[in-house]
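Enquirer: predicted structure and sequence below. I'll ask about it afterward.
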Amino acid sequence: MHFPTLLSLSLALAAAPALCAPPKRPLVQSNQLRRTLTRSALLKHADALEAHAALSNGTRAFGTAGHNATVDYIKSKLDATGYYDTELQTFSYLFSEGTATFTADGAAYASAWFTYGPGGDASGPILAVDNLGCTAADFPAAVAGAIALIKRGTCEFGLKIALAGAAGAAGAVVYNNADGAIGGGTLGSPSRPDVGPYVPAASISGVDGVALLAKAAAGNVTGAIHVDALNEDRYTSNVLATSKGGDKKNLIFSGGHTDSVPAGPGVNDDGSGSMAILEIALQLPKWSVKNAVKFGFWTAEEYGLVGSEHYVTGLTPAEQSDIAVYLNFDMIASPNYGYLVYDGDGSAFNISGPAGSDHIEHLFESYFADVGEKSAPTAFDGRSDYGPFLDAGIPSGGLFTGAEGLKTEQGAAWWGGEAGVAYDVNYHAKGDGKANCNVGAWIQNTKAAAHAIATYARSLEGIPRGVAQAAARVKATNRKQASHAQRRHFACNHEVYEQ
């Protein structure tokens, strides 16, 4: 019988790890990553989102069973790859849902409720306020006990409603400054004690508002508002995933929000963006990365960028500096879509991002040109989850396909679809399901996102780091973007520049 020597045993043991080690992954390449992304995979995610919404009467608003199911779905799929360190960032925030009805002289109007609006009933004569209802002087004494009729514009909804309450109005109706409906709105915070009490309020379309204004001017019109509302603290979570490999001092960060508005399932807004980056995250483990890749799946965006703001403001300055770029994907499958790129260089809207944001914009523009598609800039004013990253001076960019804004004749010539019709006719509505998504736009934008992630995961050429980045962060404090207080009153829509 042959007995192995100690030397032969030690040599065999030394060789064993090499024999068992997994093959080294090649460095990620854009074209290879893009080829793994399919329409069918995106549609399977859309089916899952609709199933999640069914748990909560058709919504995935934060704090509901539907949204919690989406959070669990994302984390479990990421964990199964073994490629990422994942975490849930859980915190509490004020949840708000409700409905509003409005009638004038007994005729019902299509109306919507404002997030954080109080429940209750109000009735009285309809009285138009002066100007846009943004100062106390705009509310005449006669508004006391009446329904204040206010046009949208200049200041946030919450200020208008609080000023109406301060003037003694029984309730308030805000009509749009465009023909269509407001498409969802928020008062921004639960109360405005520094201004006045909120009163029961509803929104109506611009067409209805102008007609009601003329009717009220011609004679007495009696209005009635009924609001059912629930406002309570609920727990919710961001999902964060960071690749185990790659340089974590040069993070390539991508994000999208996981919640919907209470009115619907939110498959385009923003299931399209969050599921796009999830699918990219599920395919990326086939490769290695030079710069670590991080994904953020944000909660409560529809309540004022809450999840992303909570994350970014909780970072130390050093942790913020570790983020080389932030890429945002919010509504990238609108049915009457346009290929819209955030205006990082400020050439279209005169609101530029921190240095490096121009490089991100040009990277996306080059991608669309290379695949034979026209792209156009969209305003870079902080109205989605990239806003807190801009505040921190982090180079940012991303994609968008349009919300309640109307497609122009030029847009229809570029991308097809219907001019004079909203990019998403189901924006913030019950109809924002799987069937609402343009799958061609969805997969094209998903591949554009993968191109940016793969490009920056390989090289940060063109993105300032070190001393150059520090200078850019200082300069970013002088940007003209909307403040966080203002952004809390915004929806996801952005202005589009076409020429």
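Expert: Right, received. Where do you want to start? Numbers count the residues shown, from 1 in each chain.
Enquirer: ranges for the helices of the stretch 201-350 of the chain?
Expert: Listed in chain order, the helices of the stretch 201-350 of the chain (DSSP state H, counting those that start in this stretch) span 206-218, 273-283, 306-313, 317-321.
Enquirer: contacts for the first one?
Expert: It refers to helix 206-218. 104, 109-110, 126-128, 149, 151-152, 173, 175-180, 204, 221 (C-beta atoms under 8 Å, 6 or more residues apart in numbering). Placement of C-beta: from N, CA and C, glycine included.
Enquirer: where do the strands sit along the protein?
Expert: Listed in chain order, the strands of the chain (DSSP state E) span 84-104, 107-109, 120-128, 147-151, 171-175, 201-204, 222-243, 247-257, 291-298, 323-329, 340-342, 376-378, 396-400.
Enquirer: what's the distance between the third one and the middle of its chain?
Expert: The offset between the C-alpha centroid of strand 120-128 and the centroid of the whole chain comes to 34 Å, using C-alpha atoms, centre = their mean, to the nearest Å.
Enquirer: what average pLDDT does that strand get?
Expert: Averaging pLDDT along strand 120-128 yields 98.
Enquirer: and stretch 330-337, by the same measure?
Expert: 98.
Enquirer: start to end distance for it?
Expert: End-to-end span of stretch 330-337 (C-alpha to C-alpha, to the nearest Å): 13 Å.
Enquirer: who's in contact with residue 280?
Expert: Going by C-beta under 8 Å, 6+ apart, residue 280 touches 33, 37, 254, 446, 449, 450, 453.
Enquirer: report the contact partners of residue 25.
Expert: The neighbours of residue 25, taking C-beta under 8 Å, 6+ apart as the test, are 285, 286, 287, 288.
Enquirer: can you redo those as TSV with neighbour count?
Expert: TSV is the format used below for those (neighbours: other C-beta atoms under 10 Å):
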residue	neighbour count
285	16
286	13
287	19
288	17
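Enquirer: out of the residues you listed, flag the one nearest to residue 237.
Expert: Distance to residue 237 across these (C-beta to C-beta) is lowest for residue 285, with 23.0 Å.
Enquirer: hang on, the earlier thing: deepest of the helices of the stretch 201-350 of the chain, which one?
Expert: Among those, ranked by average contacts under mean count of other C-beta atoms under 10 Å, first place goes to helix 273-283 (a mean of 25).
Enquirer: circling back to that earlier point, tabulate the strands of the chain (TSV), appending mean neighbour count.
Expert: Output for the strands of the chain, formatted as TSV (neighbours: other C-beta under 10 Å):
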stretch	mean neighbour count
strand 84-104	17
strand 107-109	13
strand 120-128	18
strand 147-151	27
strand 171-175	28
strand 201-204	28
strand 222-243	19
strand 247-257	23
strand 291-298	26
strand 323-329	26
strand 340-342	28
strand 376-378	23
strand 396-400	29
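Enquirer: format these as JSON lines; extra columns: distance to residue 160.
Expert: As requested, the strands of the chain are exported to JSON lines (distance: least, C-beta to C-beta, whole Å):
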{"stretch": "strand 84-104", "distance to residue 160": "15"}
{"stretch": "strand 107-109", "distance to residue 160": "18"}
{"stretch": "strand 120-128", "distance to residue 160": "13"}
{"stretch": "strand 147-151", "distance to residue 160": "5"}
{"stretch": "strand 171-175", "distance to residue 160": "6"}
{"stretch": "strand 201-204", "distance to residue 160": "8"}
{"stretch": "strand 222-243", "distance to residue 160": "15"}
{"stretch": "strand 247-257", "distance to residue 160": "26"}
{"stretch": "strand 291-298", "distance to residue 160": "28"}
{"stretch": "strand 323-329", "distance to residue 160": "29"}
{"stretch": "strand 340-342", "distance to residue 160": "29"}
{"stretch": "strand 376-378", "distance to residue 160": "26"}
{"stretch": "strand 396-400", "distance to residue 160": "27"}
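Enquirer: and of those strands, who's closest to residue 459?
Expert: The nearest among the strands of the chain, by C-beta to C-beta, is strand 291-298 at 8.0 Å.
Enquirer: pairing partners for that closest one, with directions?
Expert: Strand 291-298 sits in its sheet next to strand 222-243 (antiparallel), strand 247-257 (parallel), going by DSSP bridges.
Enquirer: need the per-residue pLDDT for residue 70.
Expert: For residue 70, pLDDT reads 98.
Enquirer: was I right to think it contacts residue 49?
Expert: Yes: between residue 70 and residue 49 there is a contact under C-beta atoms under 8 Å: 6.5 Å.
Enquirer: higher neighbour count, those two?
Expert: residue 70 (31 against 25; other C-beta atoms under 10 Å).
Enquirer: wait, what's in contact with the spatially closest residue to residue 269 that is not a sequence neighbour?
Expert: Among residues not flanking residue 269 along the chain, residue 331 sits closest, at 5.0 Å (C-beta to C-beta, 6 or more residues apart in numbering). Counting by C-beta under 8 Å, 6+ apart, residue 331 makes contact with 268, 269, 270, 272, 273, 400, 401, 402, 403, 424, 492.
Enquirer: and residue 448, by the same measure?
Expert: Applying C-beta under 8 Å, 6+ apart, the residues near residue 448 are 364, 367, 368, 399.
Enquirer: among these, name the buried ones.
Expert: 364, 367, 368, 399 (16 or more other C-beta atoms under 10 Å).
Enquirer: gap between the second one and residue 339?
Expert: Here the criterion is C-beta to C-beta, to the nearest Å. By it, residue 367 lies 10 Å from residue 339.
Enquirer: cool, the first one as well?
Expert: In this view, residue 364 and residue 339 are 9 Å apart by C-beta to C-beta.
Enquirer: now swap in the last one and tell me
Expert: Counting by C-beta to C-beta, the gap between residue 399 and residue 339 amounts to 8 Å.
Enquirer: for residue 344, grab the count of nearby residues.
Expert: Residue 344: 29 neighbours (other C-beta under 10 Å).
Enquirer: now the helices of the stretch 201-350 of the chain in JSON lines, with mean pLDDT and distance to residue 99?
Expert: Supplementary listing: the helices of the stretch 201-350 of the chain in JSON lines, determined by pLDDT from 0 to 100; distance: least, C-beta to C-beta, whole Å:
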{"stretch": "helix 206-218", "mean pLDDT": "96", "distance to residue 99": "17"}
{"stretch": "helix 273-283", "mean pLDDT": "99", "distance to residue 99": "26"}
{"stretch": "helix 306-313", "mean pLDDT": "97", "distance to residue 99": "22"}
{"stretch": "helix 317-321", "mean pLDDT": "97", "distance to residue 99": "40"}
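Enquirer: dump the ones you listed to TSV, plus distance to residue 87.
Expert: Formatted as TSV, the helices of the stretch 201-350 of the chain follow (distance: least, C-beta to C-beta, whole Å):
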stretch	distance to residue 87
helix 206-218	44
helix 273-283	14
helix 306-313	11
helix 317-321	14
